[in-house]
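show me the folded form of this:
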Amino acid sequence: MYIKPLFFVRLLLVTQLVFNFAAAQNKIFPVPGGNEKQLFFLQRTSNTNTIVCELNYKEGVVDKEDPIHVFWIRYQEKGQTEDLSYIQRKFAYGVKTRQIGENKYELNFVSYKKYKMYLMQSSDKQFHVYTTINKKPAILTRIYIEIKGGTFWSPNIEYVEVTGIDPTTLLLIKERLKI
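Predicted coordinates:
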């Protein structure tokens, strides 16, 4: 079976990062894998349930009207996948998209419009989500949210850690953001 080199490197780096990070947090966070459409995932302190953002295809091509599908992997239950609820999609983890070019989209979470991400097709013909990490362009692989109290509608977010791969060096990079 042939595995694309960038995908393989990305998978190894993400796996290493998550296990190192989980050990540092004294929590075990599973790494979602085996999904070729997966772009990045989001985890938070409250539990190991994971939000996955993947490419959304329509008739074999990326759906221009709705290019991102966001769903849960409910590790705390039976590991099943589940779509976001209406409230989660409209107020928390839903992703807004706007086409800004051929195979290029601007993305942001509905809960935090300031953080911009870009879905683009790279030179390897694969789609990736790009963002800025440490003032450098990066392929986004993971977002981790550290929550300390607050309420359902207004959680107290201590920091957000974004992790990605430098597309030039293929090195792992991450940054903690205060929001």
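
now do the SS call for G34.
On the three-state scheme (DSSP: H, G, I helix; E, B strand; the rest coil), G34 is labelled coil.

so how far is I73 from it?
11 Å (C-beta to C-beta, to the nearest Å). C-beta coordinates here come from the backbone N, C-alpha and C atoms, glycine included.

just want to know which of the two has more residues nearby.
The neighbour comparison of G34 against I73 (other C-beta atoms under 10 Å) goes to I73, with 19 against 6.

name the nearest residue to that one, sequence neighbours excluded.
Leaving out its chain neighbours, the residue that sits closest to I73 by C-beta to C-beta, 6 or more residues apart in numbering is T50, at 4.7 Å.

the one you found touches Y75, doesn't it?
Yes. Contact criterion C-beta atoms under 8 Å: T50 and Y75 qualify, at 6.4 Å.

can you list residues touching both of the two?
When C-beta atoms under 8 Å, 6 or more residues apart in numbering defines a contact, the residues bordering T50 and Y75 alike are P30.

more neighbours, these two?
Each of T50 and Y75 has its neighbours counted (other C-beta under 10 Å); T50 has more, 21 against 17.

gap between the more buried one and N103?
The gap separating T50 from N103 is 27 Å, by C-beta to C-beta.

so where is the chain shaky, pLDDT-wise?
Residues of the chain meeting the criterion pLDDT under 70: 1-26.

note down every partner strand of the longest strand belonging to it and its orientation.
Counting residues, the longest strand in the chain under DSSP state E turns out to be strand 136-150. Strand 136-150 sits in its sheet next to strand 38-44 (parallel), strand 127-133 (antiparallel), strand 155-165 (antiparallel), going by DSSP bridges.

CA-only coordinates of the second one in CSV, if you can.
What follows is strand 127-133, C-alpha atoms only, in CSV (Å, rounded to 0.1, in the frame of the first residue of the first chain):
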residue,chain,number,x,y,z
PHE,A,127,-6.2,20.0,0.6
HIS,A,128,-4.9,21.3,3.9
VAL,A,129,-6.0,24.0,6.4
TYR,A,130,-3.4,26.7,6.7
THR,A,131,-3.1,29.2,9.5
THR,A,132,-0.4,31.3,11.2
ILE,A,133,1.5,29.8,14.1
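
show residues contacting it.
Contact with strand 127-133 is made by 39-40, 53, 55, 62, 103, 107, 115-122, 137-140, 162-164, 167, 173-175, as judged by C-beta under 8 Å, 6+ apart.

and with 7 Å instead?
Residues outside strand 127-133 that contact it (C-beta atoms under 7 Å, 6 or more residues apart in numbering) are 39-40, 55, 62, 107, 117-122, 137-140, 162, 164, 173-175.

same deal with stretch 54-65?
By C-beta under 7 Å, 6+ apart, stretch 54-65 touches 35, 37-39, 66-69, 99, 127.
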